[in-house]
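Enquirer: could you work out the structure for the sequence below:
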Amino acid sequence: MSPHVMFGKSSIRLFRIRGIDVFLHWSWFIVAAVEIGSRRSAYTSPAWNVLEYVALFVIVLLHEFGHALACR
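Expert: Okay, here's the model as predicted:
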């Protein structure tokens, strides 16, 4: 099954690296808004909340790339 069929139009293709397509589901933005909004008092600047959430995304992405590369 093609990844485009599997993910449909509900995901955004971010990039492709070493034959691995990376998609971002639209719900990520909703969860990000809720999580960032719920931690407003954690930092003095909202930018730190955004950077923290993006860093978490990058960590999970690298973890999943580890799975994909191990399968090869």
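Enquirer: and the strands in this protein?
Expert: 11-17, 20-25 (DSSP state E).
Enquirer: out of the ones you listed, deepest packed?
Expert: Greatest average neighbour count among the strands of the chain goes to strand 20-25 (a mean of 14), per mean count of other C-beta atoms under 10 Å. Every residue, glycine included, has its C-beta placed from N, CA and C.
Enquirer: direction included, what does that one pair up with?
Expert: strand 11-17 (antiparallel) (DSSP bridges).
Enquirer: low-confidence ranges, the chain, go.
Expert: 1-8 (pLDDT under 70).
Enquirer: ok so, going back, can I get the strands of the chain in CSV including distance to residue 34?
Expert: Formatted as CSV, the entries for the strands of the chain read as follows, by distance: least, C-beta to C-beta, whole Å:
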stretch, distance to residue 34
strand 11-17, 19
strand 20-25, 15
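Enquirer: please identify which of those strands is closest to residue 64.
Expert: Closest of the strands of the chain to residue 64 is strand 20-25, at 8.7 Å (criterion: C-beta to C-beta).
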